[in-house]
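> Show me the folded form of this:
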Amino acid sequence: MKDLVRLRTSLKEEIETALNSQIKMEAEASAKYLAMASWCERNGYLKSAEYLYKQSDEERGHMLKIFHYVASVGGTAVSPEVPSPQLEWGTFQSVFETALQSEINVTHAINKLVTKCRNAEDYATENFLQWFVKEQIEEEANARRALELFDVIGEDGTGRFTIDKEIGKIGSTEE
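This is a model prediction of the structure:
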């Protein structure tokens, strides 16, 4: 039966497995951003919370984009089980350090996936993944910018209030 299923798709099993791993990683990133948004909202950083809720939605959108791709080429997209994310951070800044590290990890995973596709001569999937390669440039830049604000503005006095306000503008036309 398994061989018959494989005949319905040009997607190699190793690529399908790797894509399903990326689906899980994107789902985990969405959950992580949701937890960070909740922490910010509980701690009065409302603009940062809004920004992080949007990031969570974006990561879920990335997950669905890959999910639909796998299904559309005849593969089996697997709905991932997502472990509970971290819920507490020691500082406002550490939330954004976590966000940047998460984006860097996703970039590395996408790059490895592209390499795997290239090595498997799966040029259609490699082409599909180029959107994610480009997207990660923006995602990392936004996460880096949020973290830079802590150095540029500083947290003393009204610093955290100003940082929160500025993070809310990242990725918008107001920037």
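> need the next SSE after the lowest-mean-pLDDT helix or strand in the chain, C-terminal direction.
The weakest-scoring helix or strand in the chain, judged by mean pLDDT, DSSP states H and E, is helix 2-7 (a mean of 51). Under the assignment DSSP states H and E, the closest C-terminal helix or strand after helix 2-7 is helix 13-42.
> What mean pLDDT does that following helix get?
Average pLDDT, helix 13-42: 97.
> So which other helices or strands are in contact with the helix or strand following it?
With elements assigned by DSSP H and E, the helix or strand that comes after helix 13-42 is helix 46-72. Secondary-structure packing of helix 46-72 (3 or more Cβ pairs under 8 Å, 6 or more residues apart in numbering; DSSP states H and E): helix 13-42, helix 92-119, helix 123-153, helix 159-167. Glycine gets a C-beta too; all of them are placed from N, C-alpha and C.
> can you pull the buried residues of helix 46-72?
Going by neighbour count (16 or more other Cβ atoms under 10 Å), the buried part of helix 46-72 is 47-56, 58-60, 62-63, 66-67, 69-70.
> Then stretch 86-95?
89, 92-93, 95.
> now those residues as CSV including pLDDT?
What follows is those, written out as CSV (pLDDT from 0 to 100):
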residue, pLDDT
Trp89, 97
Phe92, 97
Gln93, 97
Val95, 98
